[in-house]
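1. Sequence and predicted structure, then a few things I'm wondering about:
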Amino acid sequence: MLPFLKGHGTENDFVIVPDPENALDLPPAAVAALCDRRAGIGGDGLLHVVRSEAHPEARSMAAEAEWFMDYRNGDGSVAEMCGNGVRVFARYLQRAGHVGEGDIAVATRGGVKTVHIAKDGDITVGMGRALLPDGDVTVRVGERSWPARNVNMGNPHAVAFVDDLAHAGDLFTPPPFTPAAAYPDGVNVEFVVDRGPRHVALRVHERGSGETRSCGTGACAVAVATARRDGADPAVTGTPATYTVDVPGGTLVITERPDGEIEMTGPAVIVAEGVIESEWLENALR
């Protein structure tokens, strides 16, 4: 039987599968079955916990980071990075006794991320630098359309500022965008409203998962897009820009430093631990 845990970061929830030696085959269909909220365990995605040296995609990072977050979306597809997932991944490593409080490094397909586990329980992740590709992007829901800021946080985002979060619709299906060439592999779409000075709220469609209660890379993309809209660029001013970002599942604090590094701080919770029945797993792997 396969051990698993369940965790969440601001209600962005994950199935956690410890597999240090990368001995387990997890095809997309099995991941989707595990993430199914009715017939499986349920989650927005799956965190496959592997030692970097044991995974072909992470061996080059093994000298910097012992552990690799092999992240999968809820539909089984592979993703480059998940900000909330990194926090939950770090919380699992702490619970399992692999790491303690303080700074650790986690390998991801989006590069090595620096993580700080604080005594108060919050976890801060160094999310890297945002890329702001040129070109106009438009997103649409029904008859409404908005210009969107193209932000890449190791995965692609389209950030649209709206008057009301209800305008985002149900977000079950991906909001259409143009031009198609802007996001050849799909995109995470954030709809954003202002709540106050340097305080915004969002709803998000995550590619491969639908609407989720939180998206860490999305919150970072939103903070960067909002800062530029507000005329704030820490690389120019030399002053960090910090935004509070409300997501449906809680609150994240995002800081962009003058060197371009973005830090995300928020909670991470392990909810349950158990084993997956072998017969169910065998059927899922067929």
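-> In hand now; what should we look at?

2. Spatially nearest residue to Asp163, not counting backbone neighbours?
-> Nearest-residue entry for Asp163: Val193, 7.1 Å, with adjacent residues in sequence omitted and distances by Cβ to Cβ, 6 or more residues apart in numbering. In this view, the C-beta of every residue, glycine as well, is placed from N, C-alpha and C.

3. How about Val106?
-> The shortest distance from Val106 to any residue that is not its chain neighbour, by Cβ to Cβ, 6+ apart, is 5.0 Å, and that residue is Lys113.

4. contacting residues for the residue nearest to the spatial centre of the chain?
-> Most central in the chain under Cα atoms, centre = their mean is Cys82, positioned 2.5 Å from the mean C-alpha point. Going by Cβ atoms under 8 Å, 6 or more residues apart in numbering, Cys82 touches 12, 45, 69, 71, 216-217.

5. For the helix or strand harbouring Ala227, the averaged confidence score.
-> Assigned by DSSP states H and E, Ala227 falls within helix 216-229. Summarised as a single mean, pLDDT over helix 216-229 is 97.

6. Check the residue nearest to the centre of the chain and give its pLDDT.
-> Each residue has a pLDDT score; the one for Cys82 is 89.

7. Flag every buried residue along the helix holding Ala227.
-> By neighbour count on 16 or more other Cβ atoms under 10 Å, the buried set for helix 216-229 is 216-228.

8. Pipe those into TSV and attach distance to Ala130 per row.
-> Output for those, formatted as TSV (distance: Cβ to Cβ, whole Å):
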residue	distance to Ala130
Gly216	13
Thr217	10
Gly218	12
Ala219	12
Cys220	7
Ala221	7
Val222	11
Ala223	9
Val224	4
Ala225	9
Thr226	12
Ala227	10
Arg228	10
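
9. now, among the residues you listed, which is nearest to His167?
-> Nearest to His167 among these, counting by Cβ to Cβ, is Val222 at 15.8 Å.

10. Tell me who's in contact with Arg59.
-> 52-53.

11. With Gly210 instead?
-> By Cβ under 8 Å, 6+ apart, Gly210 lies in contact with 74, 171-173.

12. Report the separation between the residue nearest to the centre of the chain and Trp146.
-> Between Cys82 and Trp146 the distance, using Cβ to Cβ, to the nearest Å, works out to 25 Å.

13. now Ala148: how far from Glu261?
-> Ala148 sits 24 Å away from Glu261, going by Cβ to Cβ.

14. same question, Pro175
-> Separation of Pro175 from Glu261 (Cβ to Cβ): 30 Å.

15. These two: which is more packed in?
-> Higher neighbour count among Pro175 and Glu261: Pro175, with 21 against 16, using other Cβ atoms under 10 Å.

16. Surely that one is in a strand?
-> No. Under DSSP: H, G, I helix; E, B strand; the rest coil, Pro175 sits outside any strand and is assigned coil.

17. quick one, domains of this structure?
-> Residue ranges for each domain of the chain read 2-122+268-285, 137-266, as given by automatic domain parsing.

18. need those domains in a markdown table with distance to Leu131, can you?
-> What follows is the domains of the chain, written out as a markdown table (distance: least, Cβ to Cβ, whole Å):
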| stretch | distance to Leu131 |
| --- | --- |
| domain 2-122+268-285 | 11 |
| domain 137-266 | 4 |
